[in-house]
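Novice: Sequence plus predicted model, see below.
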Amino acid sequence: MRQSSLVVVANRLPVDDSVAPDGACEWRRSPGGLVGALHPILQHTPATWVGWAGDAGPAPTLPDIDGVRMHTVALSAEDIRDHYEGFANATLWPLYHDSVEHPSFHRRWWEAYHRVNQRFAAAAAEAAEPGALVWVQDYHLQLVPGMLRALRPDLLIGFFLHVPFPPPELFMQLPRRAELLLGMLGADLVGFQRVQAAHNFAQLAAKVLKVPATDRRIAVEGRVVRIGAFPVSIDMAEMEALASRPSVAARARQLRTDLGDPRRVVLSVDRMDYTKGIEHRLKAYSELIEGGHIKVHDTVLVQVAVPSRERVAQYQILRDRVEREVGRINGEFGRVGEPAIHYLNQPFDRAELAALYRVADIMAVTPLRDGMNLVAKEYIAARVDDTGALVLSEFAGAAAEFPQAYLVNPHDLDGLKLTLLHALDASPEDVTDRMRGMRAHLRVHDIRAWARAYLTALDRTGTLAARLAP
Ligand code: ADP
Ligand code: F6P
């Protein structure tokens, strides 16, 4: 087994499978995200990515992707049901997102979560060379840092949580709360999206584990664990380059024609997830039509809702409700060839997403709770001509970085309607001023800056971060 000095551990591998022209299965690097951020160091460091390939059964052997070894962790159908769909996405996910849906607790799910985390920890221990840096990602793997430290005390271990970390009132409901906290505290550095999340974590460590804790440091088991906020970002340059392509600009023009050349296009792009506020947004939009504030031939809403976690009951229920509501709104307010809402429940490639961002005069990103929301950042990056109004929920991590957005509380329907109208009717000067400010911020705080900040904090010798040249 070849070992690496850098190991990334995440629930999913950064690959997509696609069918090659000869019908064979081809694995490609999935675009954007963490793998893009780490690309410069992954290229120059013997690196391994430990993760799941997305299907049940034995682990497929994958080729190296851009020089990075893919170490596949096998999950059985039962593991997927109880770990991924169960404890990760029906216990932790709703609980960490303000309990906007009810979290379910099942002992069998916990056992699977523990078992699968142990498997990921063992895989990471196998892949890491002596003294290596191991960076564990997200809520699916919160026990891995502690398990890995027990297996390999020589490693430098980082943990980053991409989703919100809840306040004590919510987290205290978790039956296995102490074990989850101790699992994360196996890391040398625990990173969050927002300062508030680090604060919640410190409060919980003090309350549940009775250990000395501040918003920067927690003393546990004879070690000091550092904690902090490192807001994740996107590859701005990559999205700008894509959105600037003549073919993408032409596709955006075509989309506008296909939409009936409306004066204004409003766009939302979400995973089909109850945290994204899709139902609240549809209600606000339909009331604006009903109240005569929006005319269907003049303004259209494009709602992209990519299928997600489709075997989890709450996601199935949400999809039915959204589809019924879109049907109702189009039935009531649309005309032949002129729907009020264009609803797309499908994945798109990056170029099509960039074209959609380019065609959108108004982007409505109104989650009820979101760790960051990368769609908001992708929209800003794609607006290469400094136009476009971003309506952004106060409850998205991104809101802390973009005070220039049209910020809104998505629970307040009247406020949501007013803010949408404000963005729809804003002067071009106001829109451009705001967009320029947001683009300037994003240019500096891109994904490389995020990875550099985190890795510099984790590896104080600076060896790895130095390879992330600007
Ligand atoms: P989350 O992490 O909850 O899914 P984010 O907004 O942070 O939410 O990230 C969503 C990612 O999924 C973005 O990179 C976005 O471009 C991508 N995405 C969203 N909708 C689609 C779609 N229909 N097709 C392909 N990618 C999509
Ligand atoms: O942002 C949270 C997250 O779970 C990411 O880890 C993941 O990339 C995304 O949502 C999509 O979720 P899933 O892996 O369940 O399809």
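Specialist: Everything's here; your move. Ligands and ions are numbered 1, 2, ... in the order given.
Novice: Got the confidence number for V304?
Specialist: At V304, the pLDDT value in this model is 98.
Novice: pretty sure it contacts D270?
Specialist: Yes - A contact is recorded between V304 and D270 when judged using Cβ atoms under 8 Å, the distance being 7.1 Å. All C-beta atoms are positioned from the backbone trio N, CA, C, and that covers glycine.
Novice: Kindly report the residues of the stretch 101-250 of the chain close to ligand 2.
Specialist: Residues of the stretch 101-250 of the chain found near ligand 2 (Cβ under 6 Å from any ligand atom) are 138, 162-163.
Novice: does stretch 91-103 come close to ligand 1?
Specialist: No - where contact is defined by Cβ under 6 Å from any ligand atom, no part of stretch 91-103 touches ligand 1; the two come within 9.5 Å at best.
Novice: what's in contact with stretch 67-80?
Specialist: Contacts with stretch 67-80, where a contact means Cβ atoms under 8 Å, 6 or more residues apart in numbering, come from 2, 4, 13, 15, 27, 35, 42-43, 47-53, 56-64, 83-84, 112, 115-116, 119-120, 123, 126-127.
Novice: Roughly how far does the residue of the chain most remote from its centre sit from I234?
Specialist: Within the chain, the residue lying farthest from the chain centre (Cα atoms, centre = their mean) is V336, at 36.9 Å. Relative to I234, V336 is positioned 39 Å away (Cβ to Cβ, to the nearest Å).
Novice: One more: R223?
Specialist: Here the distance between R223 and I234 works out to 33 Å (Cβ to Cβ).
Novice: So for these two, which sits in the more crowded spot?
Specialist: Set R223 next to I234 and count neighbours by other Cβ atoms under 10 Å: I234 wins out with 24 against 12.
Novice: quick one, what contacts the more buried one?
Specialist: Shown here is I234, whose contacts under the criterion Cβ under 8 Å, 6+ apart are 32, 374, 377-378, 381, 442, 446-447.
Novice: Kindly recompute the last result at 6 Å.
Specialist: Each residue near I234 by Cβ atoms under 6 Å, 6 or more residues apart in numbering is listed here: 374, 377-378, 447.
Novice: Torsion angles phi and psi at the spatially closest residue to it that is not a sequence neighbour?
Specialist: On the basis of Cβ to Cβ, 6 or more residues apart in numbering, the spatially nearest residue to I234 that is not a chain neighbour turns out to be K377, at 4.6 Å. The main-chain torsion angles of K377 are listed as degrees, to the nearest 10 and equal phi -70, psi -40.
Novice: Work out for me the element V225 sits within.
Specialist: According to DSSP states H and E, V225 maps onto strand 223-229.
Novice: That strand pairs with which strands, and in what direction?
Specialist: For strand 223-229, the paired strands and their directions (DSSP bridges) are strand 189-192 (parallel), strand 217-220 (antiparallel).
Novice: okay, those strands, which one's buried deepest?
Specialist: Taking mean count of other Cβ atoms under 10 Å as the contact definition, the stretch among the strands paired with strand 223-229 with the greatest mean neighbour count is strand 189-192, which reaches a mean of 26.
Novice: Mark which of the contacts of stretch 67-80 are buried, thanks.
Specialist: Burial by neighbour count, 16 or more other Cβ atoms under 10 Å: within the contacts of stretch 67-80 this picks out 4, 13, 15, 27, 35, 42, 47-53, 59-60, 62, 83-84, 112, 116, 119-120, 123, 127.
Novice: quick one: which of the residues you listed sit in strands?
Specialist: Taking DSSP state E as the definition of strands, the buried ones among the contacts of stretch 67-80 contribute 4, 15, 27, 47-52.
Novice: Can you narrow those down to the ones near ligand 2?
Specialist: Counting by Cβ under 6 Å from any ligand atom, no member of those is near ligand 2.
Novice: Show me the helices in the stretch 301-450 of the chain, by range?
Specialist: Counting by DSSP state H, counting those that start in this stretch, the segments of the stretch 301-450 of the chain that form helices are 313-333, 350-359, 374-382, 413-424, 428-444, 447-458.
Novice: Mean pLDDT lowest where, among those?
Specialist: Mean pLDDT is lowest for helix 447-458 out of the helices of the stretch 301-450 of the chain, coming in at a mean of 94.
Novice: Could you see whether ligand 2 lies near that one?
Specialist: No - using Cβ under 6 Å from any ligand atom, helix 447-458 stays clear of ligand 2, with a minimum separation of 14.0 Å.
Novice: and that helix, how far from the chain's centre?
Specialist: Its chain's C-alpha centre lies 17 Å from the corresponding centre of helix 447-458 when counted by Cα atoms, centre = their mean, to the nearest Å.
Novice: list the helices and strands that helix packs on?
Specialist: Using 3 or more Cβ pairs under 6 Å, 6 or more residues apart in numbering; DSSP states H and E as the contact criterion, the secondary-structure elements in contact with helix 447-458 are helix 33-44, strand 189-192.
Novice: Disregarding residues adjacent in the polypeptide, which is nearest to A360?
Specialist: For A360, the spatially nearest residue (Cβ to Cβ, 6+ apart) is L267, at 3.4 Å.
Novice: Contact residues of this protein facing ligand 1?
Specialist: Taking Cβ under 6 Å from any ligand atom as the contact definition, the chain meets ligand 1 at 32, 269, 271, 304, 306, 347-348, 353, 372-375, 378.
Novice: Most neighbours among the residues of the stretch 101-250 of the chain next to ligand 2, please name it.
Specialist: Within those, V163 tops the neighbour count with 21 neighbours, counted by other Cβ under 10 Å.
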